[in-house]
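S.K.: Any chance you could fold what I've pasted below:
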Amino acid sequence: MSWRVAAAGELMLGGYDTSKYTGTVTYVPLTNETYWEFALDGMSVNGQSVTSVRRAVADSGTSLLAGPVEEVKAIAKLVGATPVFLNPNEYTVDCNALPTMPNIVVTFAQQNWVLTPQQYVDQVSQEGQTLCLFGFTGRFLLRSFGCCMLYHIR
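M.R.: Predicted structure coming up:
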C-alpha cells in the first residue's frame, strides 16, 4: 500500500506569486549563504522553550522540520506524538487529537511564526485509511542541513 499526500506544492525561485498567499513577505538575512542558513531566535510549545538551537537551514528538498534527536523527542511528547516503531526518530499522532493539540511557535526575524497542528501534522489517506504524521524528525548530525532544519551548527 502506498500513501499519497492529497495536495501538491510549488517552489518559485527569484520571485513570488501574490495569488498564492495573503499577508506580507518577510525577508530574513542569511548567516551563511552556502547553506541558506539563518538565525533562529527560539521555538516554544505552550510558552515553554523547546530548543537551544540558534541557527536553522532552509531546504526545499524535504517536507519535514528536522532537529536534534532529544529536542524533537521532547517536542513530540509535548504535542502528544508517539514514535514510529521502526524509526523512533519519526512520529505519528492520533488524528482525532488535532483540535486539542498545542500550537508550536517558531521565532526568527524577530517575529513569532505560529504553526497549528493542521500545519505541522501531515494527514495522508489511502483506501479509506488516514494516518497522521508529525512533521518533525530527529537527526544525529554535528553540522546541520534541511528544510527549516534546526541543528547545532558549530
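S.K.: okay, CA-based contacts and neighbour counts for the rest of this
M.R.: OK.
S.K.: quick one: the helices in the protein?
M.R.: 69-79, 117-120 (DSSP state H).
S.K.: among the ones you listed, which is nearest residue 16?
M.R.: With respect to residue 16, and counting by C-alpha to C-alpha, the nearest of the helices of the chain is helix 117-120 at 20.6 Å.
S.K.: Against residue 90, how distant is the residue nearest to the spatial centre of the chain?
M.R.: The chain has residue 65 as the residue nearest its centroid, 3.1 Å off, counting by C-alpha atoms, centre = their mean. Distance of residue 65 to residue 90, given as C-alpha to C-alpha, to the nearest Å: 11 Å.
S.K.: Also residue 122?
M.R.: 12 Å.
S.K.: So between the two, which is more surrounded?
M.R.: Per other C-alpha atoms under 10 Å, whichever of residue 122 and residue 90 has more neighbours is residue 90, with 24 against 21.
S.K.: what sits against the more buried one?
M.R.: By C-alpha atoms under 8 Å, 6 or more residues apart in numbering, residue 90 lies in contact with 83-84, 134, 136-138.
S.K.: got it, and residue 24?
M.R.: Applying C-alpha under 8 Å, 6+ apart, no residues qualify as near residue 24.
S.K.: rewinding a little: common neighbours of residue 122 and residue 90, please.
M.R.: With C-alpha under 8 Å, 6+ apart as the test, residue 122 and residue 90 both reach residue 134.
S.K.: Lovely, talk soon.
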